[in-house]
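[1] Fold the following and give me the result.
(chains A, B, C and D)
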Number of protein chains: 2
Amino acid sequence: MKGIRQLAEHLDISIGTVSRALNGKPDVNEETRKRVLAAAEELGYVANQSGRSLRQGTTNVIGLMIESSKETIEDSDNFFLGLTGGLQSVLARHKLDLIMLPCPNDEDPYEYLKRMVARRVVDAMIISATQRVDRRIDLLSKAKIPFASLGRSLSSGNSSWIDLDFDGVVNCAVDRLVAHGHRRIAIAAPSSDINLGYIFLDGYRHALERHGITYDPSLVIRVKTSEQGGYQAGHALLQISNRPTAVILIYELMAIGLYRRLTEAGVIPGRDLAVIGFREEPRAKFLQPTLTCFRMSLRDLGAELAETLLATMPAYSHFYPNSARNMIWPLKLIPGESDSFHLMAAE
Amino acid sequence: MKGIRQLAEHLDISIGTVSRALNGKPDVNEETRKRVLAAAEELGYVANQSGRSLRQGTTNVIGLMIESSKETIEDSDNFFLGLTGGLQSVLARHKLDLIMLPCPNDEDPYEYLKRMVARRVVDAMIISATQRVDRRIDLLSKAKIPFASLGRSLSSGNSSWIDLDFDGVVNCAVDRLVAHGHRRIAIAAPSSDINLGYIFLDGYRHALERHGITYDPSLVIRVKTSEQGGYQAGHALLQISNRPTAVILIYELMAIGLYRRLTEAGVIPGRDLAVIGFREEPRAKFLQPTLTCFRMSLRDLGAELAETLLATMPAYSHFYPNSARNMIWPLKLIPGESDSFHLMAAE
DNA sequence: CATAGGATCGTAAACGTTTACGGGACGCGT
DNA sequence: ACGCGTCCCGTAAACGTTTACGATCCTATG
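    Numbers count the residues shown, from 1 in each chain, chains lettered A, B, ... in the order given. Okay, here's the model as predicted:
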């Protein structure tokens, strides 16, 4: 099966009619449409994507850029796979396909994105792990490619984004810890230039201020968002004179390494040091004591992100009223034992 | 910047010469080539992929199919991200790009692959998580799409594949456990129809036979390859009358859940039950006692897989002599404490 | 009967690129 | 002066599809 021409010859119908029949256009007899569809199915014909997108200037493909090299919060576990599930659930309704574009480690993400965009292989893009200032956003804006980013940035002018509610999370965490009597609260933030790290720390400072606690820079630990980083964070915590009684982790996976390091030192998590994590991570579910953390549905987030993106695409924007969408994605507190040992002991 | 035509007009050169200059064809003056490249860089021109691939019938894109729904060993981002790194390191040398094609959860993987292949959006495919009989292999063979699979299958006739050496791994594990005095050795295999599960169990049976140990089906536990599955495996282990003294896990992540369940029951991993895992998983690095496991380099595996694929592509096969390649990927034993408590205690 | 108009289909142009082919300019040897 | 080869470049066809436009046929209505 070569192309639509062979299919047309086989049916003894003109090529134009075949195309109209396949694409559901009105000017075609219902009976011939049946014939065409049957023949296409039988011969296994599927339209060549290059020809189609060359003609109509659209590819019906959405790209999700992935940076495996970056040490980011998203760079682990099933984050992207969970996200794609939600994305596809919405995109499929508009017959849009999703492909993941992994940026090679040795290539500059900006150049990679530029290359992919210029080749016009996707209609729109989703980027994540946005830096504090992110040139990719300027690039996409200037190239007039519809896009949405997971995570806001200083660069995102009136572009569309969804960001996790790190401000709310850290405020809630501090409130909770203070209510439990803690005053010296450490925080483990990412060492990379990802923007949510800044939001996280700003929220932390603001929450402390609200409770009349003076900000102590020595309680801010910058490590990678991994178990390794958690281990290092634990190590750093143990070095602090006048040791803090609580710690907030920006990524839950860090708890695994943290627990390990604390246990090595004879410090029992939850009893000697309260711990609060972020984003329920299945891998951390087996920790003892169970981790108090904040949770979200990756699938729902992906679905919302897809709709945010569609709203920026002229071809679909009539489905969605306001074009530029910004949203703070809420997270739900899942209480565990890791920050309530105090209470339990007091009872 | 629209297309090559505008670039040609801007340079006052014919469109054909511009194309030849950009593509490094010989029939073009070196000086004009410089001019063209400079102008292209300045105006930010990049060839439209649809036009190019329509003309030359090739896309220069390799697809990596991903099934997020399947409960498989590869079902984790880190696996694919590690793999893509290795794949890209080789593919980049031939100016080939890699895209990941995630199959939606609610779509049949076979139909999805069929759709992607028919649209001619990729030149070649890599599939993984091959089932015991896998229709995708027949599909790709019949469609004459070059492909390689990670994991052999009963369906793979003389197609190319790389498979992990599960046979060697399980034999080595059994040898080691027997040498430590174990006779009742359980095994946790995947519950899905993935082919490596069969290879794993065959190797297990064969190894037992070699040591004169009669095969006991009640020692075979089928669970998901996750922490959850490990937890369930631990639970199942505890139910077995005449409890086994050792267990081999097909996936290391399962050890986390297993440890948890054992600890809950007061059974100490390593002392009361020897454990051997497979494939070093960073998340499991913090287990205590440290896990004896088998390790490989995902990056190297990806690179080898890329070369295996290239060998099947007519356009690149002259680089690689034999077209159909099959390979068993070796794994290295990383001794830990989880299976040598006996020895340590004996000393 | 004439004609309007709807239903259905065929024709051909267009999308952006690559490449086979031919032609002009020039140098060189006879 | 002529032929020949080399170097460089322009022309135009081709890839597979969609779609605007026009043609044809049929029916209904005056």
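[2] And chain A, what are its domain boundaries?
    Chain A breaks down into these domains under automatic domain parsing: A:4-47, A:61-163+A:298-329, A:166-296+A:333-346.
[3] Looking at these, spot the one closest to DNA strand C.
    For those, proximity to DNA strand C was assessed by C-beta to the nearest atom of the strand; domain A:4-47 is nearest, at 2.6 Å. From N, CA and C alone the C-beta is placed, and that goes for glycine too.
[4] ok, and does the closest one reach over to DNA strand C?
    Yes: contact of domain A:4-47 with DNA strand C (C-beta under 7 Å from any atom of the strand) involves A:13, A:14, A:15, A:16, A:17, A:27, A:28, A:29, A:30, A:32.
[5] re the thing from before, can you put the domains of chain A in a markdown table and add mean neighbour count, mean pLDDT and distance to DNA strand D?
    Shown next, in a markdown table, are the domains of chain A (neighbours: other C-beta atoms under 10 Å in any protein chain shown; pLDDT from 0 to 100; distance: least, C-beta to the nearest atom of the strand, whole Å):
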| stretch | mean neighbour count | mean pLDDT | distance to DNA strand D |
| --- | --- | --- | --- |
| domain A:4-47 | 14 | 93 | 3 |
| domain A:61-163+A:298-329 | 20 | 89 | 11 |
| domain A:166-296+A:333-346 | 20 | 88 | 39 |
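[6] In JSON lines, list those along with distance to chain B.
    Listed next are those as JSON lines, based on distance: least, C-beta to the nearest C-beta, whole Å:
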{"stretch": "domain A:4-47", "distance to chain B": "3"}
{"stretch": "domain A:61-163+A:298-329", "distance to chain B": "3"}
{"stretch": "domain A:166-296+A:333-346", "distance to chain B": "4"}
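[7] Name the nearest residue to residue A:103, sequence neighbours excluded.
    Using C-beta to C-beta, 6 or more residues apart in numbering or on different chains and skipping residues adjacent in sequence, the residue nearest residue A:103 is residue A:112, 4.4 Å away.
[8] same deal with residue A:165?
    The spatial neighbour of residue A:165 that comes closest, neighbours along the chain excluded (C-beta to C-beta, 6+ apart), is residue A:328 at 4.8 Å.
[9] Next, the one you found: secondary structure please.
    Each residue gets one of three states, and residue A:328 gets strand by DSSP: H, G, I helix; E, B strand; the rest coil.
[10] Show me what it bridges to in the sheet.
    Residues in a beta bridge with residue A:328, per DSSP bridges, are residue A:163.
[11] right, and it touches residue A:151 too?
    No: counting by C-beta atoms under 8 Å, residue A:328 stays clear of residue A:151, with 11.1 Å between them.
[12] Would you map the helices across chain A?
    Secondary structure of chain A (DSSP state H): helices located at A:4-11, A:15-22, A:30-43, A:49-56, A:79-91, A:109-118, A:135-142, A:166-179, A:195-210, A:227-239, A:254-264, A:298-312, A:341-346.
[13] Residue B:205 is nearest to which of those helices?
    Among the helices of chain A, helix A:79-91 comes nearest to residue B:205, with 33.4 Å by C-beta to C-beta.
[14] who does the closest one touch, helix- and strand-wise?
    strand A:61-67, strand A:97-103, helix A:298-312, helix B:77-91, strand B:97-103 (3 or more C-beta pairs under 8 Å, 6 or more residues apart in numbering or on different chains; DSSP states H and E).
[15] want to throw the ones you listed into CSV with distance to DNA strand C?
    Shown next, in CSV, are the helices and strands packed on helix A:79-91 (distance: least, C-beta to the nearest atom of the strand, whole Å):
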stretch, distance to DNA strand C
strand A:61-67, 17
strand A:97-103, 20
helix A:298-312, 22
helix B:77-91, 19
strand B:97-103, 15
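[16] Next, format these as TSV and append distance to residue B:206.
    Shown next, in TSV, are the helices and strands packed on helix A:79-91 (distance: least, C-beta to C-beta, whole Å):
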stretch	distance to residue B:206
strand A:61-67	40
strand A:97-103	38
helix A:298-312	41
helix B:77-91	27
strand B:97-103	34
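[17] For residue A:184, list the residues it contacts.
    Listed by C-beta atoms under 8 Å, 6 or more residues apart in numbering or on different chains, the contact set of residue A:184 reads A:216, A:219, A:242, A:243, A:244, A:245, A:246.
[18] Contact partners for the nearest residue to residue A:140 once chain neighbours are set aside?
    What sits nearest to residue A:140 in space, not counting adjacent residues and going by C-beta to C-beta, 6+ apart, is residue A:147, at 4.5 Å. Each residue near residue A:147 by C-beta under 8 Å, 6+ apart is listed here: A:124, A:125, A:126, A:127, A:137, A:140, A:159, A:160, A:309, A:312.
[19] The same query, at a cut-off of 10 Å, please.
    Residues near residue A:147 by C-beta atoms under 10 Å, 6 or more residues apart in numbering or on different chains: A:62-63, A:65, A:113, A:117, A:122, A:124-127, A:136-137, A:139-141, A:156, A:159-161, A:308-309, A:312-313.
[20] Same question for residue A:242.
    A:184, A:216, A:218, A:219.
[21] Just give me the residue closest to the centre of chain A.
    Nearest to the mean C-alpha position of chain A, counting by C-alpha atoms, centre = their mean, stands residue A:150 at 5.2 Å.
[22] Dig out what that one forms beta bridges with.
    residue A:128, residue A:162.
[23] give the contact list for it.
    Counting by C-beta under 10 Å, 6+ apart, residue A:150 has contacts A:64, A:74, A:79, A:83, A:126-130, A:161-164, A:196, A:301-302, A:305, A:308, A:329.
[24] go with 8 Å
    Neighbouring residues of residue A:150 by C-beta under 8 Å, 6+ apart: A:74, A:83, A:126, A:127, A:128, A:129, A:130, A:161, A:162, A:163, A:301, A:305.
[25] how close does it sit to residue A:110?
    Taking C-beta to C-beta, to the nearest Å as the measure, residue A:150 and residue A:110 are separated by 17 Å.
[26] ok, now residue A:257?
    Residue A:257 is 32 Å from residue A:110, where distance means C-beta to C-beta.
[27] repeat for residue A:313
    Shown here: residue A:313 relative to residue A:110, a distance of 23 Å by C-beta to C-beta.
[28] one step back: between the residues of domain A:4-47 next to DNA strand C, which is closest to residue A:87?
    Nearest to residue A:87, judged by C-beta to C-beta, of the residues of domain A:4-47 next to DNA strand C is residue A:28 at 33.3 Å.
[29] mind checking the backbone torsions on the closest one?
    With angles defined as degrees, to the nearest 10, residue A:28 sits at phi -150, psi 140.
[30] Just the CA atoms of stretch A:252-261, as CSV, please.
    The C-alpha trace of stretch A:252-261 is given here as CSV (Å, rounded to 0.1, in the frame of the first residue of the first chain):
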residue,chain,number,x,y,z
GLU,A,252,9.8,13.3,49.3
LEU,A,253,12.3,11.0,47.8
MET,A,254,14.9,12.8,49.9
ALA,A,255,13.3,11.3,53.0
ILE,A,256,14.7,7.9,52.2
GLY,A,257,18.2,9.1,52.3
LEU,A,258,17.5,11.4,55.2
TYR,A,259,16.1,8.6,57.3
ARG,A,260,19.1,6.5,56.5
ARG,A,261,21.6,9.1,57.6
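[31] Distance from the chain centre to it, please.
    22 Å (C-alpha atoms, centre = their mean, to the nearest Å).
[32] swap in stretch A:93-102?
    Computed by C-alpha atoms, centre = their mean, the chain-centroid distance of stretch A:93-102 equals 15 Å.
[33] Same check on stretch A:161-180?
    19 Å.
[34] Okay, residue A:239 and residue B:257: tell me how far apart.
    Residue A:239 is 33 Å from residue B:257, where distance means C-beta to C-beta.
[35] what do you get for residue A:95?
    Separation of residue A:95 from residue B:257 (C-beta to C-beta): 40 Å.
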